[in-house]
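> I would like to see how this sequence folds:
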Amino acid sequence: MYEDSLTLDVGVAVGLSCDPTSEFHYLFTPTTTIKYRPNDENRYVWRVFLESGEYAKALVIARARQQLDPAAYQYVLRRQADKYIADKSYTAAAEILSESTESFETIVLKFLSTDGERRGGLKLLLENKLVKCNSSSPEERMKRDAIVLWLLEEQLTELSELRKELGKQQEAAEQMAHLKRFFIKKPVLEAIQTHQKAVYRLISSHADLEVQLFLANALKDYDVALNIYLIREQYKDALDLINSLGNPKLLYAFGPKIVPYIPAQLFGSIIGNEQISPLKLFPTLVLCQEKEDMAIQALKYLEWAITTQIGEHWRELHNMIILLYARFRPKKLHQYLLDGGSNKHNLPYDLDFAIRTCVQYKQEKSLIYLYCVSELFSEAVDRALKESLDLAKECAHLMDEEDELSFEPKYPKEMRRNIWMKIAKHIITKENNAVKCIDLLKESKDALSIQDVLPLFPEFTKIEHFKEPLCECLKDHSVKIQDLQDKMKEAMQIAEEIRVKTDKLQERVIVIKSGDMCASCSKGLSGRPFYAHACRHFFHRECLEDIAMSFLNESERKKLEKLIDEEQKILQRLELNERVGSKADVEQLEMDYEKRAMAIDNLLGAECPLCGNRAIDEIDKPFFSDENYELEAETQFIISNRRLFEGSTILELGSGATGVVGITAAKIGAKRVYLTDIRDKRLTQILRRNIEQNGVGDIAQIRNFKFPATDWTELSTTDRLLAELPGLDYILASDVFYDPSVFVPLAQTSQRILSRFPTARLYFSYQNRDDNWRIRLKDFGLKASLIRICDSKRHTFQLGEIYKPRENREINKMFAGIEGGGTSSKLVFVDQNGEQIKCADSSSTNVYLDGFEKTAEHIATWVRSEAKKHNVQLPLQGLGMGLSGAEDDDQNARFVEYLKTAHGDIAEHFYLASDAVATVAANFEQGVVIIAGTGSSCRMLLNDGSVHGVGGWGHAIGDQGSAFWITNRAMRMLFDDDDGLESAPGSTDLLRELLLKHFNVTNKTGLLDFLYSKFNKSSVATFTKFMADYGSDACVAKCFFDGGEMLGRHLKAVSRHMDEELLSDVPVLVVGLVFKSWSLLKPGFISAIRGSKIRKVSLFNLTENCAFGAAVLVAKKAGVKITHRAEKQLFDTILL
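All right, here's what the predicted structure looks like:
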């Protein structure tokens, strides 16, 4: 109602009229016309309807005026809801109040009751509120999560009550269906994923396994789903789920829990599946030895597994088969062992384990066979005779095998005879059966003769038993005698032929030409004594002396050396007596000289060393002796580490006649080399000649001990030698531990040298013979560390270092870290306090490109050289490596094992990880690194040392968010927009112009060359930097938004492995040029991680390099925590 007062000057109202077209009202007075226009004429009509109880009409009018009078609308809502609550129409009240702005707590209080109808209203109210929740802010998400958990509690309670009441099965089924629909709603799923553990606990409090199972499957939380199946004893369903997922890890984890109940189905489902590792399935297989039904099914799988390429060489599987056969299928055991063969060096199973198993389960027949395989034939036959005579014969027949190379019996006839004699004695003593004993003569295949068994028979034995074998024996002897006679006759004929030829040769004349050369030194024969052989091989006498030393035995060598020495002395006396002596003395000396010369001629000139019998005997002799291999190992080590030895003073112990190791050190740049060995004139002559011929006479010097090699107890000689040395850097010793009698004096000598020169290092090579020398080192306060193991076909050699441990070594532990890239590498030494010694860069250390051996050799040489330069004591406590591409854990483990075996002297602990993981460790104790340059990847390192990653698979299937990917996204946007496949967010004119300009093409099809025929990933990626300057363009902004979103998805993907503490503030290291456009990337990045469990992200710039992180990782492995000293540089912070 509208009221207006008229003044006296206007006059009294006469009439009121209305114009229906304009809706104006006109008031007439005698003097004036007043125009009125109705404004909001129905604004109070809702109140009229409300007072009359017509709530629906009042609500319609109030809703229409909601923008003008929101208070009126809310008042009508409350009044109508109160009316519904009074009438107990709670669902209708909930529907109304869900639009009310009244506080949530006030509204909810109206529905709190155990009454079923009020609960229905509460559920409807909460569901409506949930629909209206916005997850854009943390407060809204908290509200959403609370509503979801409340709704879940109400629904679980209602479902539980319905199941308890009789006749409510249909309602319970409907409620269950409603609950399932509730779970799959997007906001519900997001809330449950955020509070997954709390939701599980809530469901568990209602003991509702069916609901929990459905939820676990919806969340793809298969561990929980499988545990529920097991609790409900639905083992077949659990197995079906594992098989459907195709995840072997689930089978390894849940196999032991399933196999006791459905072994046939379990093993039946994996037979033929080579993706399953039998070794990782071992906990399941071990349980199968408890019951026969499980064992039978396990055997079916094992019998298949050992036929596959992956399982045939695993002894563990074969051992398990033996165990199950012995316990449950003993008849199959013996045949299995027979199929495995009798070569104990080539058995698929562990022989000792098989024997213990047979003893444990009393499988006597199989045990006897295993004794035979072990070549314990005597013990095998003793046991077999207790079982049966035939079994003992089978054991004896196993000795009839022939050697694969010589085709001769593998075992000596005497050994075979002894075994057959055991059987013969058993027959006579136990069975008293002469006929059966005689039959053994044929069965033994000539191992036994009648002479062997005759003494075994009793004194009163009928002769007819021996008649036939005696006759056969005499016949055999007659044949053998005839064969011997024929051979003697043939030998006499050959001897006569040889005598005739020898006589002719003695009369033969050999013409020596002036141009004939010595077959050894290739110099002319004239002017020096020489030997001429009928085969026309000529040798200077001194050359032949050197050659003879290699094929003469020890006694002949000593005899020759003695004769040569006596000959020299006689010549000296002869020269003297020819001047001042008598004729008789001269003649006597000449006779003595002739005797010595003839004796030398008999040794040297007996036959040609190149084509005589001695040369034939040398055919099967190895070209290189064991000592040569050891020398090669140590010289190769010296050459590989030449920078280590350049300019050094070196002492070689036991140089021998060759001095190869010391001469090698001199050749590669050592300042001074001292070669030492026992005082021996001949040895010294050869050694000096080798030094001269190698041109190192000004570097290498010979020092002789005045005592034999076995008398190293003369420490005074060692002291005198050391006193002559002005300094010493390295001691080299090749094959000095050849005799146990020298272990103690050699260890004592090493201790004396290292005490005199404490900074010197002693490297040695050693053939595995006796390990007692290590114990002797310990007695003198020394230790040995392995550098590498070298295997030849005949022997194994070790290269190592002997050192005197420093007392303060544990006080300041030193580690090293390597950052290995495709073009260059960095090395840093780090102590436990985080102090660094940065070293010179080196070339690539990519194990996948260069291989194990080359990479390990490069790393070891580099570490030794830099350690020497910076006075760092080796071995280090640990060497960590962060190498490019080191993503394969198995490959990494094999390389570390190789490095430890080949170069164990440089460090006690080794660790290898990818450069990305080492970069994280360099900056955080746990955290994430996102690399976005030309390519992209994401790696996360956790406190427990585990690594999780996303991407890094190259541009074909990965590199999302990288510079290449963003460029590719821009190109696709242009093409898709032109094709009408997908509309761009704005005009593509600028994007087209930028692409054509940057790649210097006239039209978009020219861009295809850069993606195909002229593909270069790096050059394509450069467009991203060029495009970033035009971020205000909608298309450019969209490309960077999508790139940021992909990088955010990387982080979201690894967040599923984070715990609550890490989720509260995730430290992320950002690396790569793409992050220079962070302002363009950030919106997409935030969009990707919003809705995840992450609550805060702290982005940091790189402050420490990968090499430091590698050192941190290996220190952690060694139980040492290195302090991060560098201050972190915060890049940005994101609150969610």
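> which residues touch H998?
T1022, F1023, F1026, M1027 (CB atoms under 8 Å, 6 or more residues apart in numbering). Bear in mind the C-beta positions are built from the backbone N, C-alpha and C, glycine included.
> helix, strand, or coil at K1014?
Three-state assignment for K1014 (DSSP: H, G, I helix; E, B strand; the rest coil): coil.
> now swap in I428 and tell me
helix.
> so how far is K413 from it?
22 Å (CB to CB, to the nearest Å).
> which strands and helices lie in contact with the strand or helix carrying E587?
For E587, the enclosing helix or strand under DSSP states H and E is helix 583-604. Counting contacts by 3 or more CB pairs under 8 Å, 6 or more residues apart in numbering; DSSP states H and E, helix 583-604 packs against helix 541-551, helix 554-580.
> and that helix, what's its mean pLDDT?
For helix 583-604, mean pLDDT is 82.
> go on, stretch 724-736?
What stretch 724-736 shows for mean pLDDT is 81.
> straight-line length of that stretch, end to end?
Stretch 724-736 has its terminal residues 23 Å apart, counting by CA to CA, to the nearest Å.
> re earlier: which one (most neighbours) among the contacts of H998?
Counting neighbours by other CB atoms under 10 Å, the top entry in those is M1027, with 25 neighbours.
> contacting residues for that residue?
Neighbours of M1027 in contact, by CB under 8 Å, 6+ apart: I966, T967, A970, L991, L994, H998, V1036, C1039.
> give me the contact list for the helix holding E587.
531, 541, 544-545, 548, 552, 556, 559-560, 563-564, 566-567, 570-571, 573-574, 577-578.
> relative to helix 554-580, how tilted is it?
Between helix 583-604 and helix 554-580, the angle comes out at 160 degrees (axes from the mean of the first three to the mean of the last three CA atoms, to 10 degrees).
> C-alpha coordinates for helix 583-604, PDB please?
Extracted in PDB, the C-alpha atoms of helix 583-604 (Å, rounded to 0.1, in the frame of the first residue of the first chain):
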ATOM      1  CA  LYS A 583     153.600 -75.600 -21.000                       C
ATOM      2  CA  ALA A 584     152.300 -78.500 -18.800                       C
ATOM      3  CA  ASP A 585     150.000 -76.100 -17.000                       C
ATOM      4  CA  VAL A 586     148.700 -74.700 -20.300                       C
ATOM      5  CA  GLU A 587     148.100 -78.200 -21.700                       C
ATOM      6  CA  GLN A 588     146.200 -79.200 -18.500                       C
ATOM      7  CA  LEU A 589     144.100 -76.100 -18.600                       C
ATOM      8  CA  GLU A 590     143.300 -76.700 -22.300                       C
ATOM      9  CA  MET A 591     142.200 -80.300 -21.500                       C
ATOM     10  CA  ASP A 592     140.000 -78.900 -18.700                       C
ATOM     11  CA  TYR A 593     138.600 -76.300 -21.000                       C
ATOM     12  CA  GLU A 594     137.800 -79.000 -23.700                       C
ATOM     13  CA  LYS A 595     136.000 -81.100 -21.000                       C
ATOM     14  CA  ARG A 596     133.800 -78.200 -20.000                       C
ATOM     15  CA  ALA A 597     133.200 -77.200 -23.600                       C
ATOM     16  CA  MET A 598     132.100 -80.800 -24.500                       C
ATOM     17  CA  ALA A 599     129.800 -80.900 -21.500                       C
ATOM     18  CA  ILE A 600     128.300 -77.600 -22.500                       C
ATOM     19  CA  ASP A 601     128.000 -78.900 -26.100                       C
ATOM     20  CA  ASN A 602     126.200 -82.000 -24.800                       C
ATOM     21  CA  LEU A 603     123.600 -79.700 -23.100                       C
ATOM     22  CA  LEU A 604     123.300 -77.100 -25.800                       C
END
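> next, the angle helix 541-551 makes with it.
50 degrees.
> what residues sit buried inside helix 583-604?
Q588, L589, D592, Y593, R596, A599, I600, L603, L604 (16 or more other CB atoms under 10 Å).
> and if you look at stretch 679-688?
The neighbour-count check on stretch 679-688 (16+ other CB under 10 Å) flags L683, T684, I686, L687 as buried.
> and if you look at stretch 893-904?
Within stretch 893-904, judged by 16+ other CB under 10 Å, the buried ones are F895, V896, Y898, L899, K900, A902, H903, G904.
> can I assume the second one is in contact with H909?
What that stands for is V896. No - using CB atoms under 8 Å, V896 is not in contact with H909; the gap is 9.5 Å.
> which residues touch the residue nearest to A305 when sequence neighbours are not counted?
Sequence neighbours aside, G311 is the residue nearest to A305 in space, at 4.0 Å (criterion: CB to CB, 6 or more residues apart in numbering). Contact partners of G311, counting by CB under 8 Å, 6+ apart, are P278, A305, L317.
> pipe the residues you listed into TSV and attach pLDDT per row.
As requested, the contacts of G311 are arranged in TSV below (pLDDT from 0 to 100):
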residue	pLDDT
P278	85
A305	87
L317	87
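> mind checking which of those residues land in helices?
Those of those mapping onto helices are A305, L317, per DSSP state H.
> adding distance to W862 and neighbour count, write the contacts of G311 out as CSV.
Converted to CSV, those look like this (distance: CB to CB, whole Å; neighbours: other CB atoms under 10 Å):
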residue, distance to W862, neighbour count
P278, 41, 22
A305, 44, 26
L317, 42, 25
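> of the contacts of G311, closest to K813?
Ranked by distance to K813 (CB to CB), these are led by P278 at 41.4 Å.
> name the SS class of the residue nearest to A305, please.
Assigned by three-state DSSP, the conformation of G311 is coil.
> quick one, grab the pLDDT at it.
Taking G311 on its own, its pLDDT is 73.
> do you know how far it is from Y411?
G311 is 33 Å from Y411, by CB to CB.
> which SS class is the nearest residue to D976 once chain neighbours are set aside?
Closest residue to D976 apart from its sequence neighbours, by CB to CB, 6+ apart: E982 at 4.2 Å. Classification of E982 by three-state DSSP places it in coil.
> try G800
Taking three-state DSSP as the rule, one finds G800 in the strand state.
> what number of residues lie near it?
G800 has 19 nearby residues by other CB under 10 Å.
> what sits against it?
G800 neighbours (CB under 8 Å, 6+ apart): Y763, F764, S765, Y766, A784, S785, L786, I787, G904, D905.
> top of those residues by number of neighbours, please.
Going by other CB under 10 Å, S765 tops these with 28 neighbours.
> confirm it sits in a strand?
Yes - secondary structure of S765 (three-state DSSP): part of a strand.
> which strand residues bridge it?
Note on S765: beta-bridge partners by DSSP bridges are S734, L799.
> ok, it touching L799?
Yes - using CB under 8 Å, S765 makes contact with L799 at a distance of 5.1 Å.
> about what we covered before: tell me the pLDDT of the residue nearest to D976.
90.
> and it, how many residues sit next to it?
Neighbours of E982 (other CB under 10 Å): 10.
> relative to R992, how far out is it?
E982 is 16 Å from R992, by CB to CB.
> what's near enough to touch V920?
Here V920 is in contact with Q926, G927, V928, V929, R939, M940, L941, L1069, G1109 (CB under 8 Å, 6+ apart).
> any idea which element it lies in?
Going by DSSP H and E, V920 is in helix 915-923.
> please name the nearest non-neighbouring residue to L653.
Nearest non-adjacent residue to L653 (CB to CB, 6+ apart): A733, at 4.2 Å.
> which residues does the one you found contact?
E652, L653, G654, L762, Y763, F764, S765.
> what's the following helix or strand after the longest helix along the chain?
Of all the segments of type helix in the chain, defined by DSSP H, the longest one is helix 464-506. The first helix or strand that comes after helix 464-506 along the chain, using DSSP H and E, is strand 530-532.
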